[in-house]
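Asker: 3D model of this:
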Amino acid sequence: MMKSLLCWPEPVIRVQSLAASGIREIPERYIKSPSHRPSLNNDVSQPQEVDVPVVDFQNLFSSDRGLCDEALRCVHNACREWGFFQIVNHGVSHELMKRTCEVWHEFFNLPLEEKQKYANTPATYEGYGSRIGVEKGASLDWSDYFFLLLMPLSLVNQSKWPAIPASCRELVAEYGSEVVRLGGKLMKVLSMNLGLEEDSLLKSFGGEENVGACLRVSYYPKCPQPDLTLGLSPHSDPGGLTILLPDENVGGLQVCRKGSWLTVKPVPNAFIINIGDQIQVLSNAIYQSVEHRVIVNSNEDRVSLAIFYNPKSDQLLEPCKKLLTKDRPALYKPMTYAEYRLTIRAKGPCGKKQVESLKSPRQSD
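Answerer: Modelled structure (predicted):
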């Protein structure tokens with residue numbers, strides 16, 4: 001399996017270059033099957049937006065017991081019913097958020113030959129990329145991206161990060177440090193809401209020094225036929241938590257709720273938090289990751305920054321024993337995060353098939 005991940009099966013085409021070429025029809029590789037396209041009944045350039053639960057993060061640590069309890073309930077209900085929520089007053093500098101977004105806009109506007117210096121491979125995905133999964137002839141998404149490692153520090157190699165713009169590495173390091181710290185606080189909140197020790201989920205991830213964290217900056221170019229394709233195909237995130245800084249001006253993130261695709265309306269200066277597959281496993285499906293996708297439009301480019309807060313790669317993950325009962329035994333068989341992630345790297349986004357495949361045979365009937 002690993003040998004097949006050392007190179008892409010066919011030449012990689014940069015979607016930004018395709019969009020800039022002035023094409024009026026997208027190549028067949030980007031056209032989704034009719035059942036997977038954005039709804040033809042809606043104008044995908046102006047999708048109907050929905051308000052996802054918003055939590056004042058400051059209140060989660062308030063000395064006012066009433067405010068704290070209400071915020072905890074809001075997070076708990078959002079994790080159970082949505083798998084997504086937004087947080088405001090999270091402690092990350094708004095100016096830092098703005099500058100980090102701006103520097104990535106600048107990167108993607110650089111000449112192609114400069115960006116190509118960081119071209120990635122499927123072995124780690126680190127660098128400048130345009131596809132996920134190594135299956136030859138697979139359907140492709142209308143997006144480019146830059147993927148880099150933030151944690152553990154022993155694996156970080158800043159020479160793989162863009163040297164241009166000049167402020168990029170410094171901003172990414174500062175932004176990554178702040179958001180990873182936020183991820184640790186969120187893990188404590190989820191542990192408390194599940195009735196576990198405050199550091200329980202973090203320990204299950206391998207401890208604060210061993211967690212894996214990475215940044216994926218996604219660039220969604222304008223598309224001449226947005227009704228036929230997707231910026232990112234339906235999937236649930238394979239790791240623990242995703243902390244997303246969306247484009248406030250151009251919507252595109254959609255979540256699947258009760259069989260319908262709903263477009264998330266970003267709140268200014270907020271992060272969108274979503275539950276990943278490994279939290280679903282550890283919580284024994286009390287909290288469930290939610291399928292989501294990204295639509296594109298014909299009018300504007302869009303950039304979003306997602307930091308993935310993940311378990312240590314060789315950490316064996318299984319439902320927390322404290323959450324198991326006679327009536328609700330373990331739903332999932334143990335698996336390391338590295339084993340789980342390898343399938344995603346090979347096949348690309350595949351809805352929620354991967355996490356459901358972990359279910360013990362007796363639980364799959």
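Asker: C-alpha from now on. contacts and neighbour counts both.
Answerer: Noted.
Asker: pLDDT score assigned to V290?
Answerer: pLDDT for V290: 87.
Asker: how close does it get to L18?
Answerer: As defined by Cα to Cα, to the nearest Å, V290 lies at a distance of 31 Å from L18.
Asker: how about Q278?
Answerer: For Q278 relative to L18 (Cα to Cα), the value is 36 Å.
Asker: neighbour-wise, which of the two wins?
Answerer: Remark: of Q278 and L18, Q278 carries more neighbours, 30 against 16, as counted by other Cα atoms under 10 Å.
Asker: in contact with the more buried one, which residues?
Answerer: 238-240, 311, 317 (Cα atoms under 8 Å, 6 or more residues apart in numbering).
Asker: ok, now with 10 Å
Answerer: 204-205, 237-241, 284-285, 287-289, 310-311, 317-319, 335-337, 340, 355 (Cα atoms under 10 Å, 6 or more residues apart in numbering).
Asker: that one should be in a helix, yeah?
Answerer: Yes: counting by DSSP: H, G, I helix; E, B strand; the rest coil, Q278 is located in a helix.
Asker: that one and F84, how far apart?
Answerer: 15 Å.
Asker: show me which helix runs longest in this protein.
Answerer: helix 168-193 (DSSP state H).
Asker: alpha carbons of the very next helix or strand once past that one, as PDB, please.
Answerer: The helix or strand immediately downstream of helix 168-193 is helix 200-204, counting by DSSP states H and E. What follows is helix 200-204, C-alpha atoms only, in PDB (Å, rounded to 0.1, in the frame of the first residue of the first chain):
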ATOM      1  CA  SER A 200      -9.400  12.100  29.300                       C
ATOM      2  CA  LEU A 201      -9.800  12.700  25.600                       C
ATOM      3  CA  LEU A 202      -6.400  14.400  25.400                       C
ATOM      4  CA  LYS A 203      -4.700  11.400  27.000                       C
ATOM      5  CA  SER A 204      -6.500   9.200  24.500                       C
END
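Asker: in helix 200-204, what's buried?
Answerer: Neighbour counts over helix 200-204 (16 or more other Cα atoms under 10 Å) mark 200-202, 204 as buried.
Asker: kindly report the same for stretch 124-138.
Answerer: Quick answer for stretch 124-138 (16+ other Cα under 10 Å): 125-135.
Asker: pLDDT added to the buried residues of helix 200-204, as a markdown table?
Answerer: Converted to a markdown table, the buried residues of helix 200-204 look like this (pLDDT from 0 to 100):
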| residue | pLDDT |
| --- | --- |
| S200 | 96 |
| L201 | 97 |
| L202 | 96 |
| S204 | 95 |
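Asker: and of those, the nearest to P162?
Answerer: L202 (30.4 Å; Cα to Cα).
Asker: isn't the closest one right up against L241?
Answerer: No: the pair L202 / L241 is not scored as a contact, 11.4 Å apart, by Cα atoms under 10 Å.
Asker: quick check: neighbours shared by these two?
Answerer: 183-184, 186-187, 310-311.
Asker: which of those residues sit farthest apart?
Answerer: Every pair of these checked by Cα to Cα; the farthest is L186 and P311, at 14.1 Å.
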